[in-house]
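In: below are the sequence and a predicted model for it; my questions follow.
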Amino acid sequence: MAAKFSTALDIHCNNIPYTLDSKLPLPHGGSSSRLSIKRFTVFCNNSKSQKPNLNLDLDLDSPRKATPSLSEQLKPLSNTILDDPPSQARILSKPKSTWVNPTRPKPSVLSLQRQKKSAYSYNPKVRDLKNFARRLNECHFSNEAFVAVLDDIPHEPARDNALLVLNSIRPWQKSVLFFNWIKTKNLFPLETIFYNVVMKSLRFGRQFQQIEELAFEMIDGGVELDNITYSTIITCAKRCNLFDKAVEWFERMYKTGLMPDEVTYSAVLDVYAQLGKVEEVMSLYERGRASGWTPDPVAFAVLAKVFGAAGDYDGIRFVLQEMKSLEVKPNVVVYNTLLEAMGKAGKPGLARSLFEEMMESGLSPDAKTLTALIKIYGKARWARDALELWERMKTNGWPMDFILYNTLLSMCADLGLEEEAETLFDDMRKSEHCRLDSWSYTAMLDIYGSVGNAEKAMALFEEMSEVGIELSVMGCTCLVQCFGRAKRIDDLVKVFESSVQRGVKPDDRLCGCLLSVVANCKGDDADKVLACLQQANPKLVTFIKLLEDESASYDIVKEEFRSILTNTSDDARRPFCNCLIDICRNRNRAERAHELLYLGTVYGLYPGLHTKTPEEWRLNVRALSVGAAQTAFEEWMRTLVKIVQSEETLPEVLSANTGAGTHKFSQGLANAFASHVEKLAAPFKQSEEKAGFFIASREDVVSWVQSQAAAATATA
DNA sequence: GTAGGGTTAG
């Protein structure tokens, strides 16, 4: 038997540098070879090792990539405008070296001269005309009412007068009415500026189709489209999510021989930024640079945004370096965007120093700056920095808005600052400057949910319905978590049912929360929660039944699990797997728990579960639920037993890291882990110096294995 | 919002 399994493992462990992986123990007497492969893979870090061909990403990413690449789109441009074929986009490198022959003119993709606006001349009738415009704005929306006011125009609608009024009119419906009225009067030819002003008004109303019709009207009537026209069209398309249209109009302007200036150019840069097309943004950027363009802060804000969205720290550094070398001073917006980007790239420390740099440069933070930082500190669980910043905000009287207030509440939820949140919530309740809204209530529900204060959560839920604030899907999730922990299952069902009736669409997080309640309760209670889950995600319920079914084969479980994960959003996959493992363990399906842990590992849900240096091997269970951590630990111990038995080399130190639970409300994975270690009588001791670490020396493990073997022999 | 581009919350 043993020989058969080591053969199976040997086949799969070619090229594996670690002996551990090839010497994993046989599970449960080794009843099948696929289980032995399973054990091998859970603790194998080598990406080249054989893995079942179940790559989820292949199934998940295919629907994207509809738009052609920028290089395809700019091909006509390169034929007509560029002297040389464009160089390959070299992300994060300077474009200066592109043009080796200085005698050749640099090909240009943008005009370095920004379009000049016509000088504003003072109109002595400004007061009368503004009053007139106000009457138009305030009059009834009907055509008749509007025309009645029009007849009352205080001065003749000559060019300057008409332009002044047109500029003051809103919303877009009335701008169009007025525009058409001066058109019928036919007192003067309608120049570009008139179209531009109406288009801007239409853009506020996101009326892309009407803007496009006006543009065609200009073309037909021989009215020139200038950079302002194009940038208005492009940004309107962007705001309407019509990105193809944005690019189409950008290309059209080249075709008509008009060169974009930097405003139009950075508007297009932002089109690609919003599509998350980093390479296209960089390509445009470098072509611009090669044309001799020194980008301004707006363009850098766009670059910062695109790298932030990608969580690309190297990109963010590039933006900073590039601004430095071009001596472009970042303004508040650029700093805000960079701070956001640092947060998304997971660099709270760098965000903090960037903020200090911003202060030193003499800029003052606005509400968005502070919102970004507070959010970063909250997510990073940097309580000291968050509270310090909050104090600074108060002492300096820095600007606040309702989003910043709500972000402070969310930060309190992240850090477990219950009292601080309650004080702030009450301040907001009394304040005239801000109002409690759905976000504020949700943040409080988050806190009460985490702390398990069902009474306060219920009171808040009732208050919400009294003041007419709808429960969001996140609020519902918090309440489900809260009532689940408090074992108030009937309240949980009530909240869930009423939310669904009121139109809340359960998402994967809510399902994950229901799932964790199922994992932690029994009998009728479990059935009640399963009935909720049945409405939210019936496939998940079917899968739970499959897990309990002893006759279901591993292959079926594998396939169904794959299908579940494929249909689950990325951030909910690991929680799903954790909960499902817990469900298995709590229902005496320990073997299934091991299978799920294996599959979870294969699908990349637990990266870095096991890390090795020559001195130390470590099991990292911080991101695991209690049951999953126990399962992983059991698996690991079996591995270690096998290694000792076959007299393979072990490192000096073996450790397991549960994390210290920096969150005040954290459920104490360390405690649960400690009692499991005790139950197994494993030789791991909780470290006194390093919180959240369990440590065993090589000697501890070896002598433990030997005593276990002796005991086993004695019993036999 | 005074003819055009960039930044805030689970």
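Out: Everything's here; your move.
In: for A:Ile447, give its distance to DNA strand B.
Out: For A:Ile447, the distance to DNA strand B equals 12 Å [Cβ to the nearest atom of the strand, to the nearest Å]. Every residue, glycine included, has its C-beta placed from N, CA and C.
In: let me see the contact set for the closest residue to A:Asn578 other than its chain neighbours.
Out: Using Cβ to Cβ, 6 or more residues apart in numbering and skipping the chain neighbours, the partner closest in space to A:Asn578 is A:Ser625 (3.7 Å). By Cβ atoms under 8 Å, 6 or more residues apart in numbering, the contact set of A:Ser625 is A:Ser516, A:Ala519, A:Asn578, A:Cys579, A:Ile581, A:Asp582, A:Leu669.
In: quick check: phi and psi on A:Gln686?
Out: Here the main-chain torsion angles of A:Gln686 (degrees, to the nearest 10) amount to phi -70, psi 130.
In: ranges for the helices of the stretch 251-400 of chain A?
Out: Secondary structure of the stretch 251-400 of chain A, counting by DSSP state H, counting those that start in this stretch: helices at A:262-274, A:278-290, A:297-309, A:313-325, A:332-344, A:348-360, A:367-379, A:383-396.
In: save those helices as a markdown table, and put in mean neighbour count too.
Out: Rendered in a markdown table, the data for those read as follows (neighbours: other Cβ atoms under 10 Å):
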| stretch | mean neighbour count |
| --- | --- |
| helix A:262-274 | 24 |
| helix A:278-290 | 22 |
| helix A:297-309 | 23 |
| helix A:313-325 | 17 |
| helix A:332-344 | 23 |
| helix A:348-360 | 16 |
| helix A:367-379 | 23 |
| helix A:383-396 | 15 |
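In: would you turn those into a markdown table with distance to DNA strand B?
Out: Listed next are the helices of the stretch 251-400 of chain A as a markdown table, based on distance: least, Cβ to the nearest atom of the strand, whole Å:
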| stretch | distance to DNA strand B |
| --- | --- |
| helix A:262-274 | 3 |
| helix A:278-290 | 10 |
| helix A:297-309 | 3 |
| helix A:313-325 | 11 |
| helix A:332-344 | 3 |
| helix A:348-360 | 11 |
| helix A:367-379 | 4 |
| helix A:383-396 | 13 |
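In: adding mean pLDDT, write these out as TSV.
Out: Conversion of the helices of the stretch 251-400 of chain A to TSV gives the following (pLDDT from 0 to 100):
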stretch	mean pLDDT
helix A:262-274	97
helix A:278-290	95
helix A:297-309	96
helix A:313-325	96
helix A:332-344	97
helix A:348-360	96
helix A:367-379	97
helix A:383-396	95
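In: of all these, which one is nearest A:Asp525?
Out: Taking Cβ to Cβ as the criterion, helix A:367-379 is the member of the helices of the stretch 251-400 of chain A that comes nearest to A:Asp525, at 33.0 Å.
In: show me what that closest one is packed up against.
Out: Using 3 or more Cβ pairs under 8 Å, 6 or more residues apart in numbering; DSSP states H and E as the contact definition, the elements that helix A:367-379 packs against are helix A:332-344, helix A:348-360, helix A:383-396, helix A:402-415.
In: now narrow the contacts of A:Ser625 to whatever sits close to DNA strand B.
Out: Judged by Cβ under 7 Å from any atom of the strand, the overlap between the contacts of A:Ser625 and the neighbourhood of DNA strand B is nil.
In: per-residue pLDDT, the residue nearest to A:Asn578?
Out: In this model, A:Ser625 is scored at 91, pLDDT.
In: same deal with A:Pro95?
Out: In the predicted model, A:Pro95 carries a pLDDT score of 40.
In: A:Glu548 now?
Out: A:Glu548 is given a pLDDT of 92.
In: how much space separates it from DNA strand B?
Out: From A:Glu548 to DNA strand B the distance is 31 Å (Cβ to the nearest atom of the strand).
In: next one: A:Ala526
Out: 26 Å.
In: in contact with A:Gln115, which residues?
Out: Contact partners of A:Gln115, counting by Cβ under 8 Å, 6+ apart, are A:Asp226, A:Asn227, A:Ile228, A:Asp261, A:Val263.
In: make it 10 Å
Out: A:Asp226, A:Asn227, A:Ile228, A:Thr229, A:Tyr230, A:Ser231, A:Leu258, A:Pro260, A:Asp261, A:Glu262, A:Val263, A:Thr264 (Cβ atoms under 10 Å, 6 or more residues apart in numbering).
In: likewise A:Leu129?
Out: By Cβ under 10 Å, 6+ apart, the neighbours of A:Leu129 are A:123, A:153-155, A:157, A:160-165, A:167-168.
In: which SS class is it?
Out: Under the three-state scheme (DSSP: H, G, I helix; E, B strand; the rest coil), the conformation of A:Leu129 reads as helix.
In: nearest to DNA strand B: which residue in the stretch 51-200 of chain A?
Out: A:Arg170 (3.1 Å; Cβ to the nearest atom of the strand).
In: would you confirm that A:Arg429 contacts A:Leu436?
Out: Yes. With the criterion set as Cβ atoms under 10 Å, A:Arg429 and A:Leu436 qualify as a contacting pair; they are 5.9 Å apart.
In: can you check which residues contact both of the two?
Out: Between them, A:Arg429 and A:Leu436 have no joint contacts when contacts are counted by Cβ under 10 Å, 6+ apart.
In: more neighbours, those two?
Out: A count of neighbours by other Cβ atoms under 10 Å puts A:Leu436 above the other of A:Arg429 and A:Leu436, at 21 against 11.
In: what sits against that one?
Out: A:402, A:405-406, A:409, A:425-426, A:428-429, A:444, A:463-464, A:467, A:469.
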